[in-house]
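**Q** Need coordinates for the following:
(chains A and B)
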2 protein chains.
Amino acid sequence: MMKIKIENRPFGPFPTVLVGADVNGKPNYATLGAYGVVSMKPVLYISLKSTHHTTAGVKENGYFSVNIPSADLVQKTDYCGIVSGKTTNKSNVFASFYDDIGKAPMISECPINYLCKVIQTIPIFDFEMFLGEIVAVYANEQCLSDGRPDPIKIDPIIMMDLNYCNLNQVLGTPFKIGRSEVIRCK
Amino acid sequence: MMKIKIENRPFGPFPTVLVGADVNGKPNYATLGAYGVVSMKPVLYISLKSTHHTTAGVKENGYFSVNIPSADLVQKTDYCGIVSGKTTNKSNVFASFYDDIGKAPMISECPINYLCKVIQTIPIFDFEMFLGEIVAVYANEQCLSDGRPDPIKIDPIIMMDLNYCNLNQVLGTPFKIGRSEVIRCK
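**A** Numbering: from 1, shown residues only, chains lettered A, B, ... in the order given. I've put the predicted structure just below:
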């Protein structure tokens, strides 16, 4: 296996998500790769540039949404990463809906929506990392199998270097498919 | 589009990576979903439980590696998430290699390897988030196309709920495929 040194850059893979916040009373959505978990708790992080339009909305409301776009939304998803809410009204790119508590808009077309309440803000370089406790999760009914999110039906977008990709198939179950190795390695 | 409320849990998607550190002079690898970017800088974060075996190695050496496993390594990858380095020697699960500066082991079989130098440690609940500046990136030669990482050749593993999945195809280019929407929305 020939190894080659390449540029010192984060090539991924990273999931592509749409972060939602109300800014000046209007839904705004930003495309992010900086999203994920940081512990075993039901908490998601997002990291936003301090000067970004969405950042002001997250700070003002103390809530944000994380919306998982499916592959068929790749153009609209990329669009939300190209244009800024400061100069372009992005409230009509998607249909928005709200949980009973309001606080942050979610995208109807996205098969999974997380509503998160900010519990900690960590400045990192010129970005702010928001840790948000998950207070509601919505799923499109047809993207569930036996009541659980089905990754192939959800068809999320994964970024790697200069590519958006979608998912192929299920390879196995975490904490299960590796058990054969446990036996083999004994 | 019928929306259903489901459990308040992080279902993903999250990339699945193997984090490497030398612990007591031996390579050790832990399987993580808590990995990603936090800004536009060439910095990756990982988040590890404070009591984990790998955590001690990251703290001792001030470096960690992030190794991107391909789908054909899913069993060995899951195995490293099932067993702890405290009770099981995981140094022979993969072939390890080192950069000239040493400091953290990397996995030969994984098509992409990031070597990161810890620049900040942030306690989060019972976890520690390590921010690591990327100081070297290695790629398996046959996983590059025109010198750049090719996501389909790399074939990374993405976790969503109780599923490991792989990638299907390239959908488009970030900051490019959305341009048609810019024109349409004007």
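**Q** C-alpha only now, for contacts and for neighbours.
**A** Fine.
**Q** Which residues lie in contact with A:D155 in this structure?
**A** Contact analysis of A:D155 by Cα atoms under 8 Å, 6 or more residues apart in numbering or on different chains lists A:69-71, A:166-167.
**Q** Keep only these that also lie close to chain B.
**A** Among the contacts of A:D155, proximity to chain B is found for A:71, A:166-167 (Cα under 8 Å from any Cα of the partner chain).
**Q** remind me which residues of chain A are low pLDDT?
**A** For chain A, the stretches with pLDDT under 70 are A:1, A:183-186.
**Q** any chance you could map the helices in it?
**A** All helices of chain A, identified by DSSP state H, fall at A:53-61, A:74-82, A:151-154, A:179-185.
**Q** can I assume A:I157 is in contact with A:A71?
**A** Yes - using Cα atoms under 8 Å, A:I157 is in contact with A:A71, at 5.6 Å.
**Q** Could you check which of these two has the larger neighbour count?
**A** A:I157 (27 against 19; other Cα atoms under 10 Å in any protein chain shown).
**Q** Now the common contact residues for A:I157 and A:A71.
**A** A:165-166.
**Q** about what we covered before: pick the one among the contacts of A:D155 closest to chain B.
**A** In terms of Cα to the nearest Cα, no member of the contacts of A:D155 lies closer to chain B than A:L167, at 4.3 Å.
**Q** The closest one - how many residues pack around it?
**A** 23.
**Q** That one reaches A:P156, doesn't it?
**A** Yes - here A:L167 lies in contact with A:P156, judged by Cα under 8 Å, at a distance of 6.9 Å.
**Q** out of everything not next to it in sequence, what's closest to A:P111?
**A** A:N140 (4.8 Å; Cα to Cα, 6 or more residues apart in numbering or on different chains).
**Q** Spit out the contact partners of that neighbour.
**A** A:N140 touches A:110-112, B:1-4, counting by Cα under 8 Å, 6+ apart.
**Q** Any idea what it is bridged to?
**A** Taking DSSP bridges as the rule, A:N140 bridges to B:K3.
**Q** And it, how close does it get to B:P13?
**A** Note on A:N140: its distance to B:P13, by Cα to Cα, to the nearest Å, is 16 Å.
**Q** got it, and A:H53?
**A** Distance, A:H53 to B:P13, using Cα to Cα: 25 Å.
**Q** Give me the more crowded residue out of those two.
**A** B:P13 (27 against 21).
**Q** How about that one, nearest residue that isn't a chain neighbour?
**A** B:M160 (4.7 Å).
**Q** now do A:V182
**A** Excluding the flanking residues, the one nearest A:V182 by Cα to Cα, 6+ apart is B:Y79, at 6.5 Å.
**Q** In the sheet, which residues pair with A:V66? Tell me.
**A** Under the criterion used (DSSP bridges), A:V66 bridges to A:V19, A:Y114.
**Q** my guess is it contacts A:C110, does it?
**A** No - using Cα under 8 Å, A:V66 makes no contact with A:C110, being 9.7 Å away.
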